[in-house]
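Engineer: Give me the fold of what follows.
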Amino acid sequence: MMTTRGPVHIAPSILSADFARLGEEIQAIERGGADLVHVDVMDGHFVPNLTFGPPVIACARRTTSLEFDVHLMITNPERYIEAYVGAGADWLCVQAEVCPHLDRVIQQIRQAGAKPGVVLNPHTPPNVLDVVLEELHHVLVMTVNPGFGGQAFIPRVLPKIDYLRSRADTLGIDLRIEVDGGIKATTIASARSAGADVFVAGSAVFKSEDYAATISDLRARAAAAE
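Structural biologist: Reported below is the predicted structural model:
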């Protein structure tokens, strides 16, 4: 039974935005009804790509009142938490795979002033979070292998979402379950049915002709899956 699942939140990923017009793009998704701005930070080590540092996020932060949902796809995230929170991260999540002292990092995020989250790659079992789940604001379940935008949704990951939602229900905690990777009109309903409430959509939004219409359609399709 899905008892703690929250309202649908759409979080367009600026990895798919036009970087030459980044501020305008962020303002456009805000006008279009986005709930969050998703920021994929990549270091060229954990994933084979490089993206946004704190100075870029600090500049982007000035263009919108939306919360910034920052995903650190980096090694040694504990070295950079204060910098990213200082730049404007409201939600901040780290990869479980790179944190041998995960509970310590979660506390560091909270102490820095952000809402703590942990990310699971497609191959990572959800029970690695059993001990820390009550400390989290959100869990981000990757439905693609991280590092690049535009990849295809991996449906085999859906049972992990159901597991996490069931655990949250059992514990009686208000946990946001976020999904990132291949989210579009044909996949968002299955992720919602599994128990997700926050949906990261990059290409689906930024490659569309009408951001507002696309965000509205995604929200409606997710809501219909309830």
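Engineer: CA atoms for contacts and neighbours, from now on please.
Structural biologist: Will do.
Engineer: Strands of this structure, residue ranges please.
Structural biologist: 9-12, 36-42, 67-73, 91-95, 115-120, 138-142, 176-180, 198-201 (DSSP state E).
Engineer: Could you look over the ones you listed and pick the most buried one?
Structural biologist: Across the strands of the chain, the average number of neighbours (mean count of other C-alpha atoms under 10 Å) peaks for strand 198-201, which reaches a mean of 28.
Engineer: before we move on, back to that, put together a markdown table for the strands of the chain, with mean pLDDT and distance to A220 on each row.
Structural biologist: Putting these into a markdown table (pLDDT from 0 to 100; distance: least, C-alpha to C-alpha, whole Å) gives the following:
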| stretch | mean pLDDT | distance to A220 |
| --- | --- | --- |
| strand 9-12 | 98 | 11 |
| strand 36-42 | 95 | 17 |
| strand 67-73 | 97 | 22 |
| strand 91-95 | 98 | 24 |
| strand 115-120 | 98 | 26 |
| strand 138-142 | 98 | 21 |
| strand 176-180 | 97 | 17 |
| strand 198-201 | 97 | 12 |
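Engineer: Looking at those strands, which is nearest to I215?
Structural biologist: Proximity to I215 (C-alpha to C-alpha) singles out strand 9-12 among the strands of the chain, at 6.9 Å.
Engineer: Could you spell out the sheet neighbours of the closest one, each with its direction?
Structural biologist: If you go by DSSP bridges, strand 9-12 pairs up with strand 198-201 (parallel).
Engineer: can you list contacts of the partner strand?
Structural biologist: Residues from elsewhere that reach strand 198-201, judged by C-alpha atoms under 8 Å, 6 or more residues apart in numbering: 8-13, 38, 176-184, 188.
Engineer: ranges for the helices of this structure?
Structural biologist: Taking DSSP state H as the test, the helices found in the chain are 22-31, 54-61, 81-87, 102-112, 158-171, 188-194, 203-206, 211-224.
Engineer: next one: the fifth one to chain centre, how far?
Structural biologist: When distances are taken as C-alpha atoms, centre = their mean, to the nearest Å, helix 158-171 is centred 17 Å away from the chain's centroid.
Engineer: got the CA positions of that helix in PDB?
Structural biologist: Output of helix 158-171 as PDB, limited to C-alpha atoms (Å, rounded to 0.1, in the frame of the first residue of the first chain):
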ATOM      1  CA  LEU A 158      11.300  -0.500 -10.800                       C
ATOM      2  CA  PRO A 159      11.200  -3.200  -8.100                       C
ATOM      3  CA  LYS A 160      13.900  -1.100  -6.200                       C
ATOM      4  CA  ILE A 161      11.500   1.800  -6.000                       C
ATOM      5  CA  ASP A 162       8.800  -0.500  -4.700                       C
ATOM      6  CA  TYR A 163      11.200  -1.800  -2.000                       C
ATOM      7  CA  LEU A 164      12.200   1.700  -0.900                       C
ATOM      8  CA  ARG A 165       8.600   2.900  -0.700                       C
ATOM      9  CA  SER A 166       7.600  -0.200   1.300                       C
ATOM     10  CA  ARG A 167      10.500   0.300   3.700                       C
ATOM     11  CA  ALA A 168       9.500   4.000   4.100                       C
ATOM     12  CA  ASP A 169       5.900   3.000   4.800                       C
ATOM     13  CA  THR A 170       7.000   0.400   7.400                       C
ATOM     14  CA  LEU A 171       9.200   2.900   9.200                       C
END
